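*Asks:* What follows is a predicted protein model with its sequence.
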Amino acid sequence: MSKNEADRWFEGVVPRLVDLLLRLPALLETHYLNGDTFNGMETGLRLLESQQPGIVFLSQELIAALLVCALFCLFPTSNRGAKHLPNINFDNLFVCLYECYGVNQEHKIKCLVHYFEKVCLNMPTGNVSFERKVLPLKNSQSYLVYPEPDFWSKSSVSLCPLEVRTSGMIEDQSTEALEVDFANKYIGGGALSRGCVQEEIRFMINPELITSMLFLSSMADNEAIEIIGAERFSNYTGYAKSFRFSGDHVDQKSVDSMGRRKTRIVAIDALCDTGNRQYRCGFLLRETNKAFCGFFDHQKHQEYQKIFVQNGIENSISSDKEMSMKIEGEIGVATGNWGCGAFGGDPEVKAVIQWVAASQALRPFILYYTFNLEALQKLDVVVKWIVSQGWSVGEVWNILVEYSTQRLNRETRVGFFSWLLPALQDDDPMVLDVSHVT
């Protein structure tokens, strides 16, 4: 900080943050007094542990007060590890500046300083919801259970449209889409330490997401976390070491009937450092089910019930009058190279897995951001060719399993796209010309 910036922060912002902190007990009292239910679930602030589906609604003002607690490092730290909760206080973030200084770390803090400055000047009045989504295991009485390979193999669901975007960022897309957070199983990952990749950057430009780290335990293989309403406060450039805060962002997203901005973020954690094991059927199943858990939509419970019954899963479902509380509009998926960076996933396989999962979840479309990754230069060609074949989710799954089996057995070393369409290796114009495909 410059001297002028420091003066503004300590003389103007910090006293207001202290005032907000002193109002936290009253904000919490109001929060619990006004608590309601959503889809049959309570919405009050509480610990949402693993295998405990549930949702928490918080006002943006209460979130700001909770984040001030984290800034001042006031949350107890004992037993958080035993509860599989990430660190929530900001001390590690500041320690990183001294132990392993990086300009990107300084700019992460600039994003948070900017957030606190903005809410002190003009406190937002909306709400944010945090939901733990769980695909129940076999012994569940729910209609929606953790699918086995046979379920995917037999699926007759049609593939949803997939649009390839070679430029732009997921958070900048303008449609109503579920935006994928390439998450750590501990939500937020290294946001409050040294991390500065996709998830951590999102938590810096939308700091209200950090609140999820307070009460959401780590995700199991059959879980995802969906957050609706987090406001974006900052612009940025760069990535990882080149990340830089680049000024104020005015969030223009509209608001739904529950006071939440129509920004929907789903956190799904990919398997890490699997190497060739990622081609095992069990690993393919885990990743597909993880994406499906993130992408499924509670509002489509009747359609899901039909699909699971048709595939031989005949579990009961109880009616819920509150299911009529629908989110407006059809919501697609905006994603990219999930689990393909430091986690070492195969980008071609991961792209198809997410397409299959979004289609099975009955999402109307998927926007796929390639971030100029060389391995996905011909994704658009492959997608249009697959669509031209009229294949279902089950047929694509079976093809993916066959390819993965050959990779495991070292019967092929080429990528999935070239294995599926060998002519891609030679840039065959007959394959590359997809203008006739509709």
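*Replies:* That came through, no problem.
*Asks:* tally of neighbours for the closest residue to Asp273 other than its chain neighbours?
*Replies:* Sequence neighbours aside, Gly344 is the residue nearest to Asp273 in space, at 5.5 Å (criterion: CB to CB, 6 or more residues apart in numbering). For glycine as for every other residue, the C-beta is placed from the backbone atoms N, C-alpha and C. Using other CB atoms under 10 Å, the number of residues around Gly344 comes to 14.
*Asks:* what about Gly344, which SS state?
*Replies:* Look at Gly344: counting by DSSP: H, G, I helix; E, B strand; the rest coil, its state is coil.
*Asks:* right, and it touches Asn276 too?
*Replies:* No: assessed by CB atoms under 8 Å, Gly344 is found out of contact with Asn276, at 10.3 Å.
*Asks:* where do the contact lists of those two overlap?
*Replies:* Residues touching both Gly344 and Asn276 by CB atoms under 8 Å, 6 or more residues apart in numbering: none at all.
*Asks:* confidence score at the nearest residue to Gly102 once chain neighbours are set aside?
*Replies:* Nearest residue to Gly102, sequence neighbours excluded (CB to CB, 6+ apart): Lys241, at 6.4 Å. For Lys241, the pLDDT comes out at 95.
*Asks:* Lys241: what secondary structure?
*Replies:* Judged by three-state DSSP, the three-state class of Lys241 is helix.
*Asks:* Surely Ser404 is in a strand?
*Replies:* No: applying three-state DSSP, one finds Ser404 to be helix, outside a strand.
*Asks:* tell me the pLDDT at it?
*Replies:* pLDDT, Ser404: 97.
*Asks:* residues contacting Leu33?
*Replies:* Under the criterion of CB under 8 Å, 6+ apart, Leu33 has no neighbours.
*Asks:* any idea how far it lies from Ala220?
*Replies:* Distance, Leu33 to Ala220, by CB to CB, to the nearest Å: 33 Å.
*Asks:* and if you look at Asn206?
*Replies:* Distance from Asn206 to Ala220, by CB to CB: 25 Å.
*Asks:* Who has more neighbours out of the two?
*Replies:* Neighbour tally, Asn206 and Ala220, criterion other CB under 10 Å: the higher count belongs to Asn206, 26 against 17.
*Asks:* count of residues packed around the closest residue to that one other than its chain neighbours?
*Replies:* Nearest residue to Asn206 in three dimensions, chain neighbours excluded: Ala230, at 4.4 Å (CB to CB, 6+ apart). For Ala230, the count of nearby residues is 29 (other CB under 10 Å).
*Asks:* Doesn't Ala230 belong to a helix?
*Replies:* No: if the criterion is three-state DSSP, then Ala230 is coil and not within a helix.
*Asks:* how about the strands in the stretch 101-250 of the chain?
*Replies:* Assigned strands in the stretch 101-250 of the chain, in chain order: 127-134, 162-165, 177-183, 223-228, 234-237, 244-248 (criterion: DSSP state E, counting those that start in this stretch).
*Asks:* Return the residues in contact with the residue nearest to Glu231 when sequence neighbours are not counted.
*Replies:* Leaving aside its sequence neighbours, Glu231 sits nearest to Asp251 (CB to CB, 6+ apart; 4.9 Å). Applying CB under 8 Å, 6+ apart to Asp251 gives the contacts Glu231, Arg232, Phe233, Arg261, Thr263.
*Asks:* Would you mind listing which of these are buried?
*Replies:* Glu231, Arg232, Phe233, Arg261, Thr263 (16 or more other CB atoms under 10 Å).
*Asks:* Enumerate every residue touching the fourth one.
*Replies:* Spelled out, that is Arg261. Per CB under 8 Å, 6+ apart, neighbours of Arg261: Gly126, Ile228, Gly229, Ala230, Glu231, Asp251, Lys253, Ser254, Val255.
*Asks:* Chain neighbours aside, what residue packs nearest to Gly168?
*Replies:* Using CB to CB, 6+ apart, the closest residue to Gly168 is Tyr369 (6.3 Å).
*Asks:* which phi and psi does the one you found have?
*Replies:* Per-residue torsions, Tyr369: phi -90, psi 120 (degrees, to the nearest 10).
*Asks:* May I see the buried residues of stretch 276-294?
*Replies:* Of the residues in stretch 276-294, those buried (16+ other CB under 10 Å) are 278-279, 283-294.
*Asks:* Which members of those residues are positioned in helices?
*Replies:* Phe283, Leu284, Leu285, Arg286, Glu287, Thr288, Asn289, Lys290, Ala291, Phe292, Cys293, Gly294 (DSSP state H).
*Asks:* can you tell me which helix in the protein is longest?
*Replies:* helix 103-121.
*Asks:* Any regions of the stretch 301-438 of the chain where pLDDT drops low?
*Replies:* Counting by pLDDT under 70, the low-confidence segments of the stretch 301-438 of the chain come to 301-329, 425-438.
*Asks:* Give me the pLDDT for Gln299.
*Replies:* Per-residue pLDDT puts Gln299 at 70.
*Asks:* hang on, it in a helix?
*Replies:* Yes: checked against three-state DSSP, Gln299 lies within a helix.
*Asks:* quick one: it from Leu271, how far?
*Replies:* From Gln299 to Leu271 the distance is 29 Å (CB to CB).
*Asks:* Tabulate the buried residues of stretch 276-294 (CSV), appending pLDDT and distance to Ala358.
*Replies:* As requested, those are exported to CSV (pLDDT from 0 to 100; distance: CB to CB, whole Å):
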residue, pLDDT, distance to Ala358
Gln278, 95, 19
Tyr279, 96, 21
Phe283, 96, 19
Leu284, 97, 16
Leu285, 97, 16
Arg286, 97, 17
Glu287, 98, 13
Thr288, 98, 11
Asn289, 98, 13
Lys290, 98, 13
Ala291, 98, 7
Phe292, 97, 8
Cys293, 97, 12
Gly294, 97, 9
